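In: Need the 3D shape of this:
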Amino acid sequence: MEKIGTIDEYISRFDRDRRIILEKVRETVRNAAPEATETISYGMPAFKLKKILVYFAAYRNHIGFYPTATGIEAFKRELSGYKHSKGAIRFPLDKPLPYDLIEKIVKYRVKEAGK
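Out: Prediction:
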């Protein structure tokens, strides 16, 4: 499998509908963390500010969002309607993504990175 070097390359590999969603996730993260830099880590798009803030990825039926364990724990109540684990959240593609919640989680992670 060929190595992906940029978020643009990652997004370009998907169908139009997923590309639109991935670009909106990217824009949401970028707006919530304007100082963060884009990178690819573990084959996924990620945003870094001193350390990785969040990762995201597209799958057949969901968008995976990875804000680390602390990001999930801090928003456990808001995430109760979504499948999630210690480090991952699954946003199903058959429902609108909660971009406002993604923004809140990213802002929380930015504050954590500033410690």
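
In: Where do the strands of the chain begin and end?
Out: Assignment of strands within the chain using DSSP state E yields the ranges 37-41, 44-49, 51-58, 62-66, 83-84, 89-92.

In: I'd like those strands written out as a markdown table, with mean pLDDT added.
Out: Conversion of the strands of the chain to a markdown table gives the following (pLDDT from 0 to 100):
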| stretch | mean pLDDT |
| --- | --- |
| strand 37-41 | 96 |
| strand 44-49 | 96 |
| strand 51-58 | 96 |
| strand 62-66 | 98 |
| strand 83-84 | 96 |
| strand 89-92 | 98 |
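
In: Columns mean neighbour count on top of those, output as JSON lines?
Out: For the C-beta atoms, the positions are set from N, CA and C on the backbone; glycine is no exception. Shown next, in JSON lines, are those (neighbours: other C-beta atoms under 10 Å):
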{"stretch": "strand 37-41", "mean neighbour count": "13"}
{"stretch": "strand 44-49", "mean neighbour count": "20"}
{"stretch": "strand 51-58", "mean neighbour count": "21"}
{"stretch": "strand 62-66", "mean neighbour count": "20"}
{"stretch": "strand 83-84", "mean neighbour count": "14"}
{"stretch": "strand 89-92", "mean neighbour count": "18"}
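
In: Columns distance to V25 on top of the ones you listed, output as CSV?
Out: Formatted as CSV, the strands of the chain follow (distance: least, C-beta to C-beta, whole Å):
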stretch, distance to V25
strand 37-41, 12
strand 44-49, 8
strand 51-58, 5
strand 62-66, 7
strand 83-84, 16
strand 89-92, 9
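
In: Looking at those, which is nearest to G114?
Out: Put simply, out of those the one that sits nearest G114 is strand 44-49, at 8.1 Å, with distance taken as C-beta to C-beta.

In: Strand 62-66 and that closest one, what's the angle between them?
Out: Interaxial angle of strand 44-49 relative to strand 62-66 (axes from the mean of the first three to the mean of the last three C-alpha atoms, to 10 degrees): 30 degrees.
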